[in-house]
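A.B. asks: heads up, no residue letters with this:
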Ligand SMILES: Nc1ncnc2c1ncn2[C@@H]1O[C@H](COP(=O)(O)OP(=O)(O)OP(=O)(O)O)[C@@H](O)[C@H]1O
């Protein structure tokens, strides 16, 4: 399924959430219809249990749908003109950053990043160069052989972001990725994440409880319903 602008027939770029409804046991958790444009950061705010993470899971293709305890969903998710519904999570090209950095403890920093590189990037040298460039741009030049356990919280957060970006996503989802960082670090990492999202023109949807995150993003603030 393709998405085109009615006016000039050019593909719509960005992340479109078309009349997305998510219900759980008859309760409407999400009712949203919006387009997040390239480089735009939209903040999704709402109380605990209001369906924010469920919406992100739906976009990623990991929401358990149907069955006795499942969610009931309708609508469409379209990324840069390509419909995502029905695609496996790994085929959607949507990157997500969570509250926990989820770095693999048994791999080096470089090993963690290598894991994310698209398989089309072949050749040891090319892979190594991409990893080193990513670390350099995160202010972590020379960290490839480090054990993640020896990194600070801020360094780990930067590696986690680079791991997502190396997978070359078409959109970025942020599920409260700053909430476990202390205030000063939180400001730094938040600024870095937003800079990278804008630099790469990624439509970005950020879930948060914290109004400061929304203010720092400086964009639209939406609610699940
Ligand atoms: N796998 C699941 N199976 C059944 N119910 C679920 C599942 N995941 C979440 N829920 C329920 O769906 C509702 C929405 O949860 P969700 O995690 O999307 O909310 P949230 O707004 O992200 O909450 P929080 O801010 O606390 O993370 C809650 O009532 C939750 O208990």
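C.D. replies: All right, it came through fine. Since we're looking at a predicted model, the values are computed, not measured.

A.B. asks: So, low pLDDT: which residues of this structure?
C.D. replies: Residue ranges of the chain with pLDDT under 70: 1-11, 67-69.

A.B. asks: Show me which residues of it sit near the ligand.
C.D. replies: 24, 29, 46, 48, 49, 50, 51, 52, 53, 54, 64, 69 (C-beta under 6 Å from any ligand atom). The C-beta positions use only the backbone N, C-alpha and C, and glycine is treated the same way.

A.B. asks: Just flag the most distant two among those residues.
C.D. replies: Of all pairs drawn from these, the greatest distance, 21.6 Å, lies between 46 and 69 (C-beta to C-beta).

A.B. asks: among the residues of the chain next to the ligand, who's most crowded?
C.D. replies: residue 51 (26 neighbours; other C-beta atoms under 10 Å).

A.B. asks: In space, what's closest to that one - neighbours in sequence excluded?
C.D. replies: Closest residue to residue 51 apart from its sequence neighbours, by C-beta to C-beta, 6 or more residues apart in numbering: residue 29 at 3.1 Å.

A.B. asks: Backbone torsions only: list them for that neighbour.
C.D. replies: Dihedral pair for residue 29: phi -90, psi -40, per degrees, to the nearest 10.

A.B. asks: Same question for residue 17.
C.D. replies: phi -110, psi 100.

A.B. asks: Can you verify my assumption that it contacts residue 79?
C.D. replies: No. Using C-beta atoms under 8 Å, residue 17 is not in contact with residue 79, being 10.2 Å away.

A.B. asks: Burial check on residue 90, number of neighbours?
C.D. replies: Quick note: residue 90 (other C-beta under 10 Å) scores 10 neighbours.

A.B. asks: How about the contacts made by it?
C.D. replies: Residue 90 makes no contacts at all, as judged by C-beta atoms under 8 Å, 6 or more residues apart in numbering.

A.B. asks: The residue nearest the centre of the chain and the ligand, how far apart?
C.D. replies: Residue closest to the average C-alpha location in the chain (C-alpha atoms, centre = their mean): residue 173, at 2.3 Å. To the ligand, residue 173 is 12 Å away according to C-beta to the nearest ligand atom, to the nearest Å.

A.B. asks: Now do the buried residues in the longest helix anywhere in the chain.
C.D. replies: Ranked by residue count, the top helix of the chain under DSSP state H comes out as helix 183-199. Buried positions in helix 183-199, judged by neighbour count with 16 or more other C-beta atoms under 10 Å: 186, 189, 190, 192, 193, 194, 196, 197.
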